[in-house]
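1. Let me see the structure of the following:
(one chain, ligands or ions: 2)
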Amino acid sequence: MSTEFVEGWEMLHTLGEGAFGEVKLLLNKVSGDAVAMKIVDLVKNANVTTSIKKEIAIHKKLNHPHIIKVYGNRKEQGVEYIFLEYASGGELFDRIEPDIGMKPQDAQKYFRHLISGVEYLHSLGIVHRDIKPENLLLDEHDNLKITDFGMATIFRMNGKDRMLDKQCGTLPYVAPEVLSGKQYHGEPADIWSCGVVLVAMLGGELPWDSPTNHCEDYVSWKECGITKQPWCKIENLALSILRRILNHSPPRRYKVSEIKQHQWFTKQFKDQGTPVKLPGTPLKKKIKLNRDSTGREEAILACSQPVHCDRTNQNHCDELQDRTSIGKKQVGLCSFSQPTNPEHMLLTSQCLGTQTQSGSNQTPLHRLVKRMTRCIMNTDFDKTRKELERLLDLFGYTWRECPQGTFTISCKDIRKMDLTFKANAMSLNGVSVLLDFRLSHGCGIDFKRHFLKIRGKLKPFISEVPMTWSLADATNTIP
Ligand code: ATP
Ligand code: MG
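-> Ligands and ions are numbered 1, 2, ... in the order given. Next up is the predicted model:
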């Protein structure tokens, strides 16, 4: 069930999970505007109080087309709420076909977006330190957006660089010098992680567990071994840029300016990339960042139908914004537009009839989420649950079902790291069931491998009715 979070704002389903909390979708009931809300319980995770402050302070400085925007934050009863631009296109890993990757022209597009965002970050003296496909989101136009500044830090202040020493990041993506125990420069470390993301996009797998001399795959790469997977599926020009990015020596590693001049980066592919399938008319929301008298940026949500910009809406948005935010205050001025496109109610009209399960006719409560890890079952709710239970046992997963229809599934991934994902069974019309899989924790690419394995076995029960990615979530049925 959805719940009203602040007057006029409905809290809908979970978009994702992180180490210290969840990210939920918030929807303005009048305007249809969507905001992602990251929730961090500071009572349960007292040790993150300082780091979350830093994350917010850094993230609030940023205003770039390839970085998720922060609208504001607020702290209430020991819980920190961070309001973020909603990325309806899902996560980058969802576009990576395990062991295959994606079309090189798509990879080039996303890589250009990534480098543009990283260049901007570095120009402000900020390093991200946890670049990986799980932290790269996509908007409705398939633009890549960097998020999760939980590991970010400032490496340049008043024009002076400082060395970093905190060992952080995610092992397969982290640069070798970060693990060396010595001090390291921030910029080359981020560039390295971008290189590993590019390998994942082009080859559908990660090249090594960690870039250390104990890791055979890594040693082989250092010694020019490109005959093995994933290198042998990557064409020469792409390998050439990867060689220069994934250079063990930070000073010799390509800089952003060099990446941007490399032939693979600049080349025009003959074939177009995968066309963007838009889930109907996107929300007509423009975010302008103005500067207030102190030079601080203020977020203005400017929309196509200012008629909705009444005081009530203004107040609602203000309530979401933090009035005591770190540093100088961020002021939010909001106006709204109605998401009028009927495709926004796809699930209502095609699957649920005109009524949602709660019996309400509140159609704007259906949002489109572009996710490939789903299937529609032609079995009813109980049969679907039973079949899934049987398969989870067959494959030897550790799992629990709580509440009914929500499965939390755990196992070790290909690199013996913990992997947890969720499967939600949602009855659509009493006859068919939407089975929605979502990563909770661990490697996104390996999560997709597991999804494909489970889906393969579910095939006899999967509806032949073509299901497009634009199927909306039945928001009031997702726990
Ligand atoms: P971790 O540190 O474990 O990586 P975290 O607690 O810092 O996670 P995020 O990475 O910011 O949390 O978010 C977790 C997940 O929530 C993302 O991987 C993504 O699936 C989803 N998510 C986060 N922000 C948004 C957003 N703005 N729009 C849509 N989904 C989002
Ligand atoms: Mg994350």
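2. Report the contact partners of residue 375.
-> By CB atoms under 8 Å, 6 or more residues apart in numbering, the contact set of residue 375 is 434, 435, 455, 458, 462, 463, 467. Placement of C-beta: from N, CA and C, glycine included.
3. Mind checking which of those land in strands?
-> Of the contacts of residue 375, the ones assigned to strands by DSSP state E are 434, 435.
4. Out of the contacts of residue 375, give me the one that has the most neighbours.
-> residue 435 (27 neighbours; other CB atoms under 10 Å).
5. mind listing what that residue touches?
-> Applying CB under 8 Å, 6+ apart, we find residue 435 in contact with 374, 375, 376, 377, 384, 388, 423, 424, 425, 426, 458.
6. My guess is the fifth one contacts residue 377. True?
-> Right, residue 384. Yes: assessed by CB atoms under 8 Å, residue 384 is found in contact with residue 377 at 4.8 Å.
7. Overlap in contacts, these two.
-> 425, 433, 435, 461.
8. Would you tell me which one of these comes nearest to ligand 1?
-> Nearest to ligand 1 among these, counting by CB to the nearest ligand atom, is residue 435 at 18.2 Å.
9. now the closest one: how far from residue 392?
-> Computed as CB to CB, to the nearest Å, the residue 435 to residue 392 distance reads 12 Å.
10. Next: residue 402.
-> Distance, residue 402 to residue 392, using CB to CB: 14 Å.
11. Over to residue 198?
-> Residue 198 sits 34 Å away from residue 392, going by CB to CB.
12. try residue 89
-> Per CB to CB, residue 89 is found 29 Å from residue 392.
13. more neighbours, the two?
-> Neighbour totals were compared for residue 89 and residue 392, and residue 89 leads with 25 against 19 (other CB under 10 Å).
14. For residue 406, grab the count of nearby residues.
-> 16.
15. Report the beta-bridge partners for it.
-> Residues in a beta bridge with residue 406, per DSSP bridges, are residue 424.
16. which residues sit in contact with it?
-> 422, 423, 424, 425, 479.
17. near ligand 2, which residues of the stretch 151-300 of the chain show up?
-> Counting by CB under 5 Å from the ion, no position of the stretch 151-300 of the chain is adjacent to ligand 2.
18. all strands of the stretch 101-250 of the chain, in order?
-> For the stretch 101-250 of the chain, the strands defined by DSSP state E, counting those that start in this stretch occupy 126-127, 136-138, 144-146, 153-154, 156-157, 160-161.
19. for those, which one sits closest to residue 216?
-> strand 136-138 (27.9 Å; CB to CB).
20. near ligand 2, anything from the closest one?
-> No: using CB under 5 Å from the ion, strand 136-138 stays clear of ligand 2, coming no nearer than 9.6 Å.
21. same for that strand, what does it pack against?
-> strand 144-146 (3 or more CB pairs under 8 Å, 6 or more residues apart in numbering; DSSP states H and E).
22. Can you flag the buried ones in the contacts of residue 435?
-> The neighbour-count criterion (16 or more other CB atoms under 10 Å) marks 374, 375, 376, 377, 384, 388, 423, 424, 425, 426, 458 among these as buried.
23. so of the contacts of residue 435, which ones are in helices?
-> Among the contacts of residue 435, DSSP state H puts 384, 388, 458 in helices.
24. The last one: what's it in contact with?
-> By CB under 8 Å, 6+ apart, the residues touching residue 458 are 375, 377, 387, 388, 391, 435.
25. ditto for residue 195
-> If you count contacts by CB under 8 Å, 6+ apart, residue 195 has them with 242, 245, 246.
26. Please spell out the PyMOL selection for the buried subset of the residues you listed.
-> Per 16+ other CB under 10 Å, the buried members of the contacts of residue 195 correspond to this PyMOL selection:
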select buried, resi 242+245+246
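27. Switch the contacts of residue 435 over to CSV; also include pLDDT and distance to residue 149.
-> Below are the contacts of residue 435 laid out as CSV (pLDDT from 0 to 100; distance: CB to CB, whole Å):
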residue, pLDDT, distance to residue 149
374, 91, 29
375, 90, 34
376, 91, 36
377, 93, 38
384, 95, 38
388, 97, 36
423, 96, 30
424, 93, 28
425, 94, 34
426, 89, 32
458, 96, 37
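28. Reformat those residues as a markdown table; add distance to ligand 1.
-> Conversion of these to a markdown table gives the following (distance: CB to the nearest ligand atom, whole Å):
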| residue | distance to ligand 1 |
| --- | --- |
| 374 | 14 |
| 375 | 19 |
| 376 | 22 |
| 377 | 24 |
| 384 | 24 |
| 388 | 22 |
| 423 | 16 |
| 424 | 14 |
| 425 | 20 |
| 426 | 18 |
| 458 | 23 |
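29. which of those residues are close to ligand 2?
-> Filtering the contacts of residue 435 for proximity to ligand 2 by CB under 5 Å from the ion leaves nothing.
30. separation between residue 41 and residue 461?
-> Note on residue 41: its distance to residue 461, by CB to CB, is 38 Å.
31. of the two, who's got more company?
-> residue 461 (18 against 15).
32. Could you pull out the helices in the chain for me?
-> In the chain, the helices defined using DSSP H lie at 49-60, 104-123, 176-179, 186-203, 216-222, 236-245, 256-261, 263-266, 311-320, 346-350, 381-394, 444-458.
33. and residue 14, which of these is closest to it?
-> helix 444-458 (15.5 Å).
34. got the angle for that closest one vs helix 381-394?
-> Orientation check (axes from the mean of the first three to the mean of the last three CA atoms, to 10 degrees): helix 444-458 against helix 381-394 gives 120 degrees.
35. How far off centre is helix 444-458?
-> Put simply, helix 444-458 sits 19 Å off its chain's centre (CA atoms, centre = their mean, to the nearest Å).
36. residues of that helix that come out buried?
-> Buried positions in helix 444-458, judged by neighbour count with 16+ other CB under 10 Å: 444, 445, 446, 447, 448, 449, 450, 451, 454, 455, 458.
37. can you check stretch 97-108 too?
-> By 16+ other CB under 10 Å, the buried positions in stretch 97-108 come out as 98, 101, 102, 103, 104, 106, 107, 108.
38. Now the first one: closest residue in space that isn't a chain neighbour?
-> Looking back up the chat, that one is residue 98. Setting aside the residues directly before and after it, residue 98 is nearest to residue 449 in space (CB to CB, 6 or more residues apart in numbering), at 4.4 Å.
39. Can you pull the residues of the stretch 101-250 of the chain lying near ligand 1?
-> Selection of the stretch 101-250 of the chain residues close to ligand 1 by CB under 6 Å from any ligand atom yields 134, 135, 137, 147, 148, 150.
40. which one is the second one nearest to, not counting chain neighbours?
-> Sequence neighbours aside, residue 148 is the residue nearest to residue 135 in space, at 4.2 Å (criterion: CB to CB, 6+ apart).
41. Kindly report the same for the first one.
-> Excluding the flanking residues, the one nearest residue 134 by CB to CB, 6+ apart is residue 444, at 4.8 Å.
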